[in-house]
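this is the structure alone, sequence omitted:
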């Protein structure tokens with residue numbers, strides 16, 4: 001057997017021994033009593049009886065073991081012209097002092113703290129400070145609308161909110177304090193204390209005695225030591241949008257989470273202690289939690305916290321500048337970022353200005369990676385481009401080309417193979433396991449490995465109903481796809497993006513791959529629109545690359561012909577429109593379900609995470625031009 005097969009099979013056959021070995025690589029204040037507690041199955045717990053502190057393992061452990069002067073965090077902010085380095089010692093001391101400030105405001109073990117911050121070092125400091133004293137943090141994306149922030153405050157019921165006076169984007173300042181004040185007015189739960197970081201770009205007015213200045217609070221505080229907590233205690237609650245409009249609070253524990261984070265850095269990303277790792281995301285998303293803050297620090301790496309965009313800060317070479325300047329060895333971003341760069345600089349002229357010899361691997365996740373984008377990135381960077389798949393709920397990669405175990409042949413469009421600990425298969429509607437290459441509902445075998453969600457905050461029944469009830473013994477991912485004859489996983493779409501055209505089950509993701517392969521297309525989306533005759537028909541929405549001067553009618557004809565020739569007439573793909581942009585969340589996910597509602601004339605709620613609501617009006621106009629919604 002190959003090295004991957006050996007490690008993977010052992011992780012499934014002997015999960016307790018496998019994960020106990022990984023756990024030994026971290027510091028435990030008290031060793032666990034039971035590696036896997038199945039007494040409340042299907043709600044499993046890892047490392048029951050253990051006492052653990054995530055902050056100690058991320059910071060203090062490295063200071064005590066020779067990494068005190070190594071850079072732990074690099075803050076790079078093109079929007080403010082700032083670059084700042086924090087050594088492990090400096091970051092530990094800063095976190096310990098802010099943990100003391102939280103204590104001084106009455107925060108105790110088990111209390112919730114909502115963090116509503118831009119991409120500044122203090123956001124990571126606040127997260128780690130909560131972990132240090134056993135408080136539970138809940139990060140809300142900075143600049144989120146007040147009503148959405150209020151919902152999260154009501155659900156988490158925090159004793160304190162940590163915020164900043166403003167966020168800074170290219171060409172504009174977003175004042176956070178008025179949004180926070182409005183959210184606090186709207187929420188029925190009354191928060192007694194707020195700590196506010198004053199940024200020079202916009203100073204906020206503080207309301208005494210509730211609001212306290214960050215700098216004053218930290219200066220006056222005594223540093224706090226790490227508090228060992230139960231390994232199964234919650235580390236954080238992270239809200240992900242729910243279909244009902246009520247946010248779902250994913251709960252992550254201390255011990256299992258840290259074990260999985262450190263293991264993933266070694267096995268999936270192949271990053272050694274001391275190397276520079278950059279995840280170009282935001283701490284408001286799960287990628288920011290896992291791969292800006294926790295995993296790199298648990299592994300003893302240098303992590304980059306970037307306050308900027310892939311394009312526009314100042315140009316489409318922004319990512320290359322950061323990689324070159326800070327000697328990044330492993331880079332992780334969303335495919336949508338690369339599509340934006342490709343749209344602005346399709347020939348990679350800006351890339352030629354930088355020395356990227358330090359870069360070893362590019363990882364993509366967060367949105368379906370179309371083969372065209374992967375191939376463009378490989379051509380530009382001349383390094384392996386690894387598409388991998390996971391979810392907010394899972395917390396770390398479930399399907400990947402594990403670079404630290406054994407790099408495997410790439411199949412563009414596939415996220416490669418299940419990561420050790422995850423058993424993947426496709427089931428039909430009745431729960432029957434499907435054969436190779438048969439599209440079905442993708443599921444993961446229970447128990448899930450460490451680091452995945454333990455439950456949903458204040459909603460255990462919701463966790464059971466949404467993820468566990470449909471197929472007993474399995475976790476329902478919500479994605480449709482298949483496993484091929486080599487064991488590779490193929491994520492085609494969300495389950496509700498499999499469309500039924502005259503009785504044929506077809507993947508919109510497969511059609512998107514075909515459209516994305518057209519030389520003039522930067523990015524695209526395919527949705528299934530209701531049709532009285534065939535049930536559903538596919539409709540394409542396409543964004544062109546910068547500088548394309550050909551007639552649009554000609555391009556649209558070519559797109560229809562591409563789908564017909566590569567998928568077949570059975571797809572009934574006859575309609576597409578060119579739009580300036582696609583509606584997306586701030587993390588880069590295309591809002592296909594919202595566009596489908598627009599096409600079908602159904603009511604919808606504008607997602608709180610949308611990047612720019614005005615784009616929906618543009619898409620609605622394009623759909624209207626195609627005759628949707630049908631009268």
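Yep, it's here. Since this is a predicted model, take the numbers as computed values, not measurements.

flag the shaky bits of the stretch 301-450 of the chain, pLDDT-wise.
Counting by pLDDT under 70, the stretch 301-450 of the chain contains no low-confidence range.

now the helices for it?
318-326, 335-344, 371-381 (DSSP state H, counting those that start in this stretch).

tell me the contacts of the residue nearest to residue 233 when sequence neighbours are not counted?
Of all residues not flanking residue 233 in the chain, residue 254 sits nearest, at 5.7 Å (CB to CB, 6 or more residues apart in numbering). Just so you know, the C-beta spots here come from the backbone N, C-alpha and C atoms, and that holds for glycine as well. Counting by CB atoms under 8 Å, 6 or more residues apart in numbering, residue 254 makes contact with 52, 53, 54, 131, 229, 230, 231, 232, 233, 234, 235.

looking at the helices of the stretch 301-450 of the chain, which is nearest to residue 597?
Closest of those to residue 597 is helix 335-344, at 21.1 Å (criterion: CB to CB).

the lengthiest helix in the chain packs against which elements?
Criterion DSSP state H: the longest helix present in the chain is helix 88-104. Other helices and strands packing on helix 88-104, by 3 or more CB pairs under 8 Å, 6 or more residues apart in numbering; DSSP states H and E, are strand 71-77, helix 121-133, helix 214-220.

from the chain's centroid, how far away is the longest one?
Just to be clear, that refers to helix 121-133. 19 Å (CA atoms, centre = their mean, to the nearest Å).

check which element follows that helix along the chain.
strand 136-141 (DSSP states H and E).

averaged pLDDT, that following strand. What do you get?
The pLDDT scores in strand 136-141 average 96.

one more: stretch 458-468?
In the prediction, stretch 458-468 has an average pLDDT of 94.

thinking again about what came up before, out of the contacts of residue 254, which sit inside strands?
Residues of the contacts of residue 254 located in strands (DSSP state E): 52, 229, 230, 234, 235.

quick check: phi and psi at the residue nearest to residue 233.
Backbone torsions for residue 254, taken as degrees, to the nearest 10, come to phi -80, psi -60.

mind telling me what element the residue nearest to residue 298 when sequence neighbours are not counted is part of?
The shortest distance from residue 298 to any non-neighbouring residue, by CB to CB, 6+ apart, is to residue 262 (4.5 Å). For residue 262, the host element (DSSP H and E) is helix 255-267.

state the next helix or strand along the chain beyond that helix.
Downstream of helix 255-267, the first helix or strand assigned by DSSP H and E is strand 276-279.

buried residues of the longest helix of the chain, list them for me.
88-92, 94-104 (16 or more other CB atoms under 10 Å).

count the residues that sit near residue 77.
By the criterion of other CB atoms under 10 Å, residue 77 has 19 neighbours.

so it makes contact with residue 308?
Yes - using CB atoms under 8 Å, residue 77 is in contact with residue 308, at 6.6 Å.

pLDDT below threshold where in this structure?
Residues of the chain that meet the cut-off, pLDDT under 70, sit at 241-245, 496, 502-505, 631.

please parse it into its domains.
The chain is divided into the following domains under automatic domain parsing: 3-308+388-481, 502-625.

among the ones you listed, which is the most enclosed?
Mean neighbours per residue, mean count of other CB atoms under 10 Å, is largest over the domains of the chain for domain 3-308+388-481, with a mean of 20.

now it, how far from the centre of its chain.
10 Å.

that one: end-to-end distance?
Terminal residues of domain 3-308+388-481 are spaced 26 Å apart (CA to CA, to the nearest Å).

kindly report the same for stretch 32-40.
Stretch 32-40 has its terminal residues 17 Å apart, counting by CA to CA.

the stretch 451-600 of the chain: strands as residue ranges?
455-456, 474-483, 489-494, 498-501, 504-507, 521-531, 535-544, 575-578 (DSSP state E, counting those that start in this stretch).

out of the ones you listed, nearest to residue 384?
strand 489-494 (17.9 Å).

for that closest one, buried residues please.
Buried residues in strand 489-494 (16+ other CB under 10 Å): 489, 490, 491, 492, 493, 494.

counting by contacts, list what the helix holding residue 262 packs against.
helix 15-23, strand 45-48, helix 295-298.

and the angle for the first one with helix 255-267?
Meaning helix 15-23. 70 degrees (axes from the mean of the first three to the mean of the last three CA atoms, to 10 degrees).

hmm, who's touching helix 15-23?
Contacts to helix 15-23, defined as CB under 8 Å, 6+ apart, come from residues 10-11, 32, 35-36, 46-47, 50, 255, 259, 262-263, 420-421, 447, 449-450.

then the second one?
When contacts are taken as CB under 8 Å, 6+ apart, the neighbours of strand 45-48 outside the stretch itself are 19, 23, 32-37, 231-232, 253, 255-256, 259, 450, 454.

can we see that at 7 Å?
19, 23, 32-37, 231-232, 255-256, 450, 454 (CB atoms under 7 Å, 6 or more residues apart in numbering).

what's the farthest-apart pair in the residues you listed?
Maximum distance among those (CB to CB): 17.1 Å, for 33 and 454.

so which of the buried residues of strand 489-494 is the closest to residue 185?
residue 494 (35.5 Å).

you'd agree the closest one is up against residue 478?
Yes - with contact defined as CB atoms under 7 Å, residue 494 reaches residue 478; the gap is 6.0 Å.

list the contacts of residue 430.
By CB under 7 Å, 6+ apart, the contact list for residue 430 is empty.

any idea how far it is from residue 471?
Distance of residue 430 to residue 471, given as CB to CB, to the nearest Å: 10 Å.

grab the nearest non-local neighbour of residue 212.
Counting by CB to CB, 6+ apart, residue 195 is the residue found nearest to residue 212 once chain neighbours are left out, at 5.1 Å.

secondary structure class for residue 251?
Assigned with DSSP: H, G, I helix; E, B strand; the rest coil, residue 251 falls in the strand class.

picking up where we left off before, would you check which pair of the contacts of residue 254 lies furthest apart?
Pairwise over those, using CB to CB, the maximum falls at 131 and 232, 14.7 Å.

quick one: the helices and strands packed on helix 255-267 as CSV, columns for distance to residue 359 too.
Shown next, in CSV, are those (distance: least, CB to CB, whole Å):
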stretch, distance to residue 359
helix 15-23, 27
strand 45-48, 34
helix 295-298, 16
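
nearest to residue 571, out of these?
helix 295-298 (40.3 Å).

show me what the closest one is packed up against.
Counting contacts by 3 or more CB pairs under 7 Å, 6 or more residues apart in numbering; DSSP states H and E, helix 295-298 packs against helix 255-267.
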